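Q: Structural data only, the sequence is not supplied:
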């Protein structure tokens, strides 16, 4: 399931789309939220595809697995912030529902990718190759 390029991963592609949606929704937030919830939402959204890309660029599958976990953590954080923003009246219910649906879809893709890597990653700590004989 691992792609040669992170841009080929559906999870990354959909996470990039979600970033655009989050930026659109947060553009309508009040100015006083510029350094609060608005900034938090944007940082979390950007963190998801960024962690997928960084992990795919790492040397081992174990490292990729770790960064996918970071991406999933950011996704869950984003879901929580979407709910908070909606409760505060900054996000319309229809937008909230659409964003949360996108988050769930990305979560399923991340979970599938994580599961595929778990099958190929030994449960012991990997050792780095040595130069001695």
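A: Ah, there it is. This is a predicted model, so every value here is computed, not measured.
Q: average model confidence for stretch 93-111?
A: For stretch 93-111, the mean pLDDT works out to 97.
Q: If you count neighbours, what's buried in it?
A: Within stretch 93-111, the residues that count as buried by 16 or more other Cβ atoms under 10 Å are 95-96, 99, 102-103, 106-107, 109-110. In this view, the C-beta of every residue, glycine as well, is placed from N, C-alpha and C.
Q: swap in stretch 49-67?
A: By 16+ other Cβ under 10 Å, the buried positions in stretch 49-67 come out as 49-56, 61-67.
Q: Equivalent analysis for stretch 68-88, please.
A: Neighbour count says stretch 68-88 has 68, 70-72, 74-75, 77-79, 81-82, 85-86 buried, by 16+ other Cβ under 10 Å.
Q: which one of the residues you listed is nearest residue 19?
A: Nearest to residue 19 out of the buried residues of stretch 68-88 is residue 78 (Cβ to Cβ; 10.0 Å).
Q: element containing the residue positioned nearest the centre of the chain?
A: Among the residues of the chain, the one closest to the centroid is residue 48, at 2.3 Å (Cα atoms, centre = their mean). Under the criterion of DSSP states H and E, residue 48 resides in helix 37-56.
Q: so what secondary structure elements neighbour that helix?
A: Counting contacts by 3 or more Cβ pairs under 8 Å, 6 or more residues apart in numbering; DSSP states H and E, helix 37-56 packs against helix 10-26, helix 61-87.
Q: give me that answer again for 10 Å
A: Packed against helix 37-56 by the contact rule (3 or more Cβ pairs under 10 Å, 6 or more residues apart in numbering; DSSP states H and E) you find helix 10-26, helix 61-87, helix 93-120.
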